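Colleague: sequence first, predicted model second:
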Amino acid sequence: MIFRRRIHRQARAADMSLFPHRLPVNRRMMLAVLIGGSAVMSCMVVDLRQLAIEDKIQAVQAKIVEEQVLYQQRIFKLEKENLELRRQIMLRQEGRDLKSRKLKRNPIEMFSEVLDDLVELRAEFGLQVVVPQVMVVGDPNSGKSSLIEMLVKTRIFPRTEATQQIPIKFTICEGPYHLAQFNDSDREFDLENPADLEELRKQFEIRLKSAATKENLLPLVSLTIWGPGLSNMILVDLPTPQSTGTGAAVTPDRIRNMYESFLQNPQSLFLCLVDASRESEYSRTVELVKDFDPDGKRSMFVLTKPDLVETSMANPEKMKRIASGAALPLKAAALFSVIPGRGPKSEPLEDVEKFEAEYFASSDMFKSGAMKQEQLSTRNMSRKMSEIFWQHVKTSLRYQIDFLKSRKAVLEKSWKTHFNKARVLDRDELYETGRMQLLDDVIRLQNLPQSTWENDFEERLWTAMADYVFTDIYVPAASGNRNDLKVVGDLRLKNWADVQLPLRSLEIASDTLKQKFQAVATRSKTEKDHDDIFDHFKQTVVEETFKVHQWDSVAREALRSALINSCEAPYIITPDDWNSAVHFMETACADRLAEVQNRIREMLGPASWEVLLLRRPTKEQSNRRAVVDKLEQLVMPKEAATGKAELSKDEINVVLKTLESQNVKVDPLFIRETWHFMFLSRFLEQAIQKVALCGDISDGGEFSPVATGQNDCADVDLFYRVKKMIRSASVALRQQLTAAELNKLEVEVKQILDGLERSPAKIKEFFNHPRIGLAEELSE
């Protein structure tokens, strides 16, 4: 019951509060006053609570800023300590003295050199560079030069008002010493030394002016800078689009072409500096970057001079839009805000960095959190930009690796299709292979048997000297008085051994060595899987070697002495020597007779029976046949008895008158030439008959040395001595060859190869096969 009463009273009170018109008038007025007062009190409480919350937020933000400043100071202190530690560690890793400034090459330096080579190729052949680079662009007075000096931690730009007109490539590397070096010079500038720094600025200015006057479309000044705490990256500082300059080669069109050549690289990153105190919608640089990177995936924007904006702008909303990057008319992959300088270029960078840190810690424009802490200050921007650059390099390399793998698969398939039996060797490897093969061929040449050299020398000497032996030794000695054959033969043999044979022997030895070398070098031509790519190379090396190879001049005198001794040797004393001499003379005379008879047939023309085959003799051949007929009638019977090799004037006149009566006109020289071959033919036929009779000389079945002195067989003794002299010359030449000439040949081959190695153009000429280009692509 009590519970029900309480419920009833509460329901009535609620009803009165919801429907106050049911209350009496005085009570309604009192209720209105109470309700209004409570509403006012409620609003006051809400305002007080909101103010308290805002105060707490501001206090927390102030505390956070204080903590960030404190942490930033601690970070700066730790970084300075860390720089010195890293410097010492790097020096110890190099294993060098602390006083030495020469360090191992940094990967970023090698990457920079690749860019330099590609720029040269682009300028020379119009090729496009497709490797990552950071292009630094900005409008005039946007703080571009000051920012680069902050990144390299020194004032490197010339202290003049000249406008930049060409690109400048900065290779920034971390190192224990603060140094700088132009890529076209070996001099290092110590950036901590004021004199070196001033000289660097002068050299910088000279190069900028010199490059700006060149007609080349893409001149480039390259500078490498090392220093403790520097972020590894490569920057290409492009001139501002509004640069006009005063150089003869600098025009607005050239600046535009320069921008297009660099920015159209799909792997380029753009570091675009925007002056926060100006309207970015009207920035020419922003428009260019927007044209080449509309999606903003490769663009990094840097707001400079935010301190000027905050002091000159009263609109907080616009300040907030600028601080957050919302005022930029395009997208960007990263946004930073820095203060690269405050005015004078001579201001120490430490002061600028300190002011920058203090500003971002106390700026109302950035307290709202529009930008994160890592987006503020040059130091943070440098670190983050280096990370983005190397991440882009890794991504690009992965893409290039995938592309190269697919390209390599295509090339390997093409190689297997066309050159499946050959190894994949580029031009340099082919040259080294050919070089080794030639040197191996020289070793094979040195290892040839002695008998091979002697037999070749003997065969080639007789082939070369056979005509001389018959024309100048044997025929003159044997065609006269038989009793004088030995005396005349000895005199002519000694003259031959003294002059002609040594001189001719050295020529033949050099030719034989050359032919042997060529045969050894080209021996693989007969093999089934012969690779002809080395043939031209080897042939050229052999030819060039024997242009400089000369047989030792001292060898001629030694050879002459050996031949004189051989000429004065005793007569034949063994049956084997006699039989060998008989066989040699018989073969030599038969070969010579065959040559003479072939020559006579050519002189006389077709025989009478060949006329039926419609072969007509020429007028000269008809005259020759008439001369032969008259010589056989008038001279041959008489001369056959005397054996004279020359016709007298009377005999020639008789033949001439007889031929004139038959209306055949010839001169005496024509008759003498015809008689020479007729006499040789008859003389050699008689010599062959004579040597056949001398082949069986014996006394009671045993060889008698006395028989060799008989005049009828003195011819055999003459040919024995000729053969012995040729054999002695062959042995002497072989001795000289193995003792000195082969070693000298090896030295000369190496010299020729070394000379070719210093001439890439000649190597390219030797190895210019379609498969070489394919092999070089595969090796790359």
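Modeller: Received it, and whenever you're ready, just let me know what you need. Residues are numbered from 1 along each chain as shown.
Colleague: helices of the stretch 301-450 of the chain, start to end?
Modeller: For the stretch 301-450 of the chain, the helices defined by DSSP state H, counting those that start in this stretch occupy 306-312, 316-324, 349-362, 364-367, 378-418, 427-446, 450-468.
Colleague: now tabulate these in TSV and tack on mean neighbour count.
Modeller: For glycine as for every other residue, the C-beta is placed from the backbone atoms N, C-alpha and C. Shown next, in TSV, are the helices of the stretch 301-450 of the chain (neighbours: other Cβ atoms under 10 Å):
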stretch	mean neighbour count
helix 306-312	16
helix 316-324	17
helix 349-362	17
helix 364-367	18
helix 378-418	14
helix 427-446	17
helix 450-468	16
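Colleague: now Thr738. Nearest residue, chain neighbours left out?
Modeller: Gln450 (7.2 Å; Cβ to Cβ, 6 or more residues apart in numbering).
Colleague: the one you found and Leu737: what is the separation?
Modeller: Separation of Gln450 from Leu737 (Cβ to Cβ, to the nearest Å): 9 Å.
Colleague: do the same with Pro770
Modeller: 41 Å.
Colleague: what do you get for Phe719?
Modeller: Distance from Phe719 to Leu737, by Cβ to Cβ: 27 Å.
Colleague: what do you get for Cys173?
Modeller: Relative to Leu737, Cys173 is positioned 61 Å away (Cβ to Cβ).
Colleague: and the pLDDT at Lys649?
Modeller: We note a pLDDT of 86 for Lys649 in this prediction.
Colleague: just the pLDDT at the nearest residue to Val338 once chain neighbours are set aside, thanks.
Modeller: Among residues not flanking Val338 along the chain, Thr378 sits closest, at 4.6 Å (Cβ to Cβ, 6+ apart). In the prediction, the pLDDT value recorded for Thr378 is 82.
Colleague: and Arg734, by the same measure?
Modeller: Per the predicted model, pLDDT is 91 at Arg734.
Colleague: next: Leu448.
Modeller: Leu448 is given a pLDDT of 90.
Colleague: got a list of what it touches?
Modeller: Lys516 (Cβ atoms under 8 Å, 6 or more residues apart in numbering).
Colleague: from Ser622, how far off is Pro606?
Modeller: 11 Å.
Colleague: reformat the helices of the stretch 301-450 of the chain as CSV; add distance to Thr674.
Modeller: Output for the helices of the stretch 301-450 of the chain, formatted as CSV (distance: least, Cβ to Cβ, whole Å):
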stretch, distance to Thr674
helix 306-312, 116
helix 316-324, 117
helix 349-362, 108
helix 364-367, 120
helix 378-418, 63
helix 427-446, 48
helix 450-468, 19
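Colleague: closest to Phe670 out of these?
Modeller: helix 450-468 (21.7 Å; Cβ to Cβ).
Colleague: which secondary structure elements does the closest one contact?
Modeller: helix 501-521, helix 575-604, helix 714-736 (3 or more Cβ pairs under 8 Å, 6 or more residues apart in numbering; DSSP states H and E).
Colleague: buried ones in the helix or strand just after it?
Modeller: Later in the chain than helix 450-468, the nearest helix or strand by DSSP states H and E is helix 475-478. For helix 475-478, the neighbour count (16 or more other Cβ atoms under 10 Å) marks Val475, Ala477, Ala478 as buried.
Colleague: which of the residues you listed lies closest to Val289?
Modeller: Out of the buried residues of helix 475-478, the member with the shortest distance to Val289 (by Cβ to Cβ) is Val475, at 99.7 Å.
Colleague: my guess is the closest one meets Phe683, correct?
Modeller: Yes - assessed by Cβ atoms under 8 Å, Val475 is found in contact with Phe683 at 6.5 Å.
Colleague: can you list residues touching both of the two?
Modeller: Contact criterion Cβ under 8 Å, 6+ apart; residues shared by Val475 and Phe683: Ala645.
Colleague: related to what we said a few turns ago, out of the helices of the stretch 301-450 of the chain, which is closest to Asp532?
Modeller: Asp532 lies closest to helix 427-446 among these, at 12.0 Å (Cβ to Cβ).
Colleague: how far off helix 450-468 does the closest one point, in degrees?
Modeller: Per axes from the mean of the first three to the mean of the last three Cα atoms, to 10 degrees, the angle that helix 427-446 makes with helix 450-468 is 80 degrees.
Colleague: gap between helix 427-446 and the chain center?
Modeller: 20 Å (Cα atoms, centre = their mean, to the nearest Å).
Colleague: tell me where this structure has strands.
Modeller: 133-138, 168-174, 179-182, 189-190, 221-227, 233-237, 268-275, 299-304, 334-338 (DSSP state E).
Colleague: need those in TSV with mean neighbour count, can you?
Modeller: Converted to TSV, the strands of the chain look like this (neighbours: other Cβ under 10 Å):
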stretch	mean neighbour count
strand 133-138	24
strand 168-174	22
strand 179-182	19
strand 189-190	20
strand 221-227	22
strand 233-237	23
strand 268-275	25
strand 299-304	25
strand 334-338	24
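Colleague: turn these into TSV, columns for mean pLDDT and distance to Phe360.
Modeller: As requested, these are exported to TSV (pLDDT from 0 to 100; distance: least, Cβ to Cβ, whole Å):
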stretch	mean pLDDT	distance to Phe360
strand 133-138	82	20
strand 168-174	83	23
strand 179-182	86	29
strand 189-190	88	32
strand 221-227	84	24
strand 233-237	83	23
strand 268-275	82	17
strand 299-304	82	12
strand 334-338	82	8
